[in-house]
Structures are given as structure tokens and as C-alpha cells.
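[1] Any chance you could fold what I've pasted below:
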Amino acid sequence: MTAVYIDADACPVKDEAERVITRHKIKMYMVCNGGLRPSQNPYVENIIVPDGPDVADMWIAERAGVGDVVVTGDIPLAARCVEAGARVIKHNGEALTQANIGNVLATRDLMTDLRAADPFRQGGGKGFTKADRSRFLEALEREIRAASRLK
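    Residues are numbered from 1 along each chain as shown. Model (predicted):
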């Protein structure tokens, strides 16, 4: 059975994901270090992991596989899940696949190096928009359907 794993600590689309999984009647695991209000939805299981670097990521990566969908903005986690055969999407609906994860990882590493070389470099990502939310909903629907054909 397909499951959805949400890297929930900084996820802006938890409510949208919950609506989609409820419609499909599939299990969703919201994994975080705490601070989330538990959902009363029977399809949602909140997983609280201990504090520590990448503990939530490790929990997801150890479980997600073929026929599952992972929602994360964490590129190293995404790479591990793609390698395990899971379908991965970012919060803005961008799919991370075998075909693009190498380039996405390389860009992430390059940007990390650039920020380390210039600690005064300002800036951040662009804001999360309604269009991003809409793309996410479409992408999650598409990925759940594709993943369920694999299980």
C-alpha cells in the first residue's frame, strides 16, 4: 500500500497533503522533532523523533521505498529516497527523480560552498506562493497515482 512521508518540520503544505491522502484513503506519516499539533485524521500518523541532526530524515529514508511518496525540501534526503525507489516532490510541486537529482544535489553543494566563502552574502529563497501550493497539489495527486501503480 502506498504511503506518503512528510518531512514536516518546515513543511508549508501539510494541510494540503492531508486533504489529498484522505481522498485516496492512504497512510501519511508526518515526521518531525516535535511542535506539531497532532492530527485527528485516522490516515495521519505523527512521528516525533528525538532532537538531533537529520534524525527525521533518517527515519524517513529507512522506510520510504518503491510505491511511496516523500514530500521534502531536503535535497540529501530526497536523493536517498529517490535511490530507494520512492517518488519525491518538493513543497512547490517540483519532482525529484533519477534524471535530475544529481544536478539538484550539485547545485545545492555549489550554493553551500558559495555561502561559506562569503558569510556576508544576503538573500534567501523566494517566498512560497499560491501558485506553488497549486503546483504541489497537482504534483502530489500525480505522484500518488503513479506510486500506487507500483505497489
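[2] quick one: buried residues of the helix ranked longest in the chain?
    In terms of residue count, the longest helix belonging to the chain (DSSP state H) is helix 130-148. Within helix 130-148, the residues that count as buried by 16 or more other Cβ atoms under 10 Å are 132-133, 135-137, 139-140, 143-144, 147. Quick note: C-beta positions are derived from backbone N, CA and C, even for glycine.
[3] tell me the helices in the chain, going along the chain?
    Ranges of helices in the chain, per DSSP H, are 14-24, 55-63, 75-83, 101-117, 130-148.
[4] mean pLDDT for those helices: which is lowest?
    Sorting the helices of the chain by mean pLDDT places helix 101-117 lowest, at a mean of 67.
[5] If you drop the residues flanking it in sequence, what lies closest to A84?
    When the adjacent residues along the chain are set aside, A84 lies closest to G65, with 4.8 Å between them (Cβ to Cβ, 6 or more residues apart in numbering).
[6] quick one: contacts for that neighbour?
    G65 is in contact with 84-86, counting by Cβ atoms under 8 Å, 6 or more residues apart in numbering.
[7] quick check, nearest of the residues you listed to R19?
    Using Cβ to Cβ, A86 is the member of the contacts of G65 that lies nearest R19, at 20.9 Å.
[8] If anything else comes up later, I'll come back, but that's it for now.
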